[in-house]
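In: I would like the atomic coordinates for the input below:
(one chain, ligands or ions: 1)
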Amino acid sequence: MNRDLSNIRKDFAQQALNENQLSNNPVHQFRFWLDEAIESNQPEPTAMTLSTVSPLGIPSARMVLLKNLDERTGFWFYTNYDSQKGNDLKHNPHAALNFFWPLLERQVRITGTVTKVSTLDSDAYFDSRPMESRIGAMASPQSQVIESREQLEGWLTEAKKGTLKRPDNWGGYSLMPTEIEFWQGRSNRLHDRIRYHLNGSEWKQERLAP
Ligand SMILES: Cc1cc2nc3c(=O)[nH]c(=O)nc-3n(C[C@H](O)[C@H](O)[C@H](O)COP(=O)(O)O)c2cc1C
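Out: So this is what the prediction gives:
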């Protein structure tokens with residue numbers, strides 16, 4: 001059965017977002033919201049959509065997990081450097097992140113520039129992962145076309161026989177934000193949107209129409 005999608009809608013009414021309740025620093029503000037999302041038992045509160053752009057200008061989006069955050073280094077995630085996203089980022093370091101926390105009726109949009117984290121940081125995170133995840137990262141040529149599930153399982157069996165070591169093409173990236181928008185759902189689609197953008201070394205705040 002194909003359900004009618006046209007009348008699926010939800011009114012947002014939990015909270016308002018006022019300029020005077022926000023931190024001057026959007027990374028600190030993001031941290032407050034992330035902590036609230038974690039405490040609200042929102043499923044996958046650290047999951048974010050990462051959008052990249054190919055050398056031909058074709059956008060591509062997928063989920064990744066936020067693994068670290070600070071003001072100096074930005075938003076961190078880990079992946080395969082030779083994946084589609086890795087190839088996009090080699091050519092174009094501009095990228096966007098999006099968080100949606102439906103239990104809190106909140107969205108955050110982030111734009112910035114991505115660089116690789118140090119090999120020491122990538123090693124430390126790789127070594128902290130469960131053994132199965134480490135083996136998976138070693139065995140899977142992420143984003144390549146493969147023949148079958150059996151072929152992947154064969155590589156997994158081979159990887160299990162070797163030493164557990166971070167592959168050179170697997171590691172972290174960090175996105176340094178230049179723009180962060182906080183969105184709080186409000187009644188009748190009159191949502192609150194506050195965007196910060198970096199002006200030199202200072203964050204400027206502005207309100208956007210919903
Ligand atoms: C909730 C969720 C979290 C994910 N986290 C990661 C991640 O942290 N790193 C990663 O490489 N892929 C992660 N994935 C898989 C990616 O969405 C994607 O399939 C994979 O990275 C290949 O993307 P690409 O071919 O565009 O490079 C996650 C998927 C989901 C649904």
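
In: which SSE is immediately downstream of the longest strand anywhere in the chain?
Out: In the chain, assigned by DSSP state E, the strand with the most residues is strand 170-184. Remark: after strand 170-184, the chain's next helix or strand is strand 192-199, criterion DSSP states H and E.

In: what pairs with that next one, and is each one parallel or antiparallel?
Out: Applying DSSP bridges to the sheet, strand 192-199 is found paired with strand 170-184 (antiparallel), strand 202-207 (antiparallel).

In: single out the most deeply packed of these.
Out: Across the strands paired with strand 192-199, averaging neighbours per residue (mean count of other C-beta atoms under 10 Å) puts strand 170-184 on top, at a mean of 21. Every residue, glycine included, has its C-beta placed from N, CA and C.

In: pLDDT on that one, on average?
Out: Mean pLDDT, computed over strand 170-184, is 98.

In: was I right about R109 contacting R193?
Out: No. The pair R109 / R193 is not scored as a contact, 9.3 Å apart, by C-beta atoms under 8 Å.

In: overlap in contacts of those two?
Out: Counting by C-beta atoms under 8 Å, 6 or more residues apart in numbering, the shared contacts of R109 and R193 are E181, W183.

In: need the per-residue pLDDT for the residue nearest the centre of the chain.
Out: Nearest to the geometric centre of the chain sits M48, at 3.5 Å (C-alpha atoms, centre = their mean). Looking at M48, its pLDDT reads 98.

In: enumerate the beta-bridge partners assigned to it.
Out: Beta-bridge pairing for M48 (DSSP bridges): V64.

In: so what's it up against?
Out: Neighbours of M48 in contact, by C-beta under 8 Å, 6+ apart: M63, V64, L65, L66, F75, F77, L97, N98, F99.

In: restricted to buried residues, select these in ChimeraX.
Out: With 16 or more other C-beta atoms under 10 Å as the criterion, this ChimeraX line picks the buried residues out of the contacts of M48:
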select :64,66,75,77,97,98,99
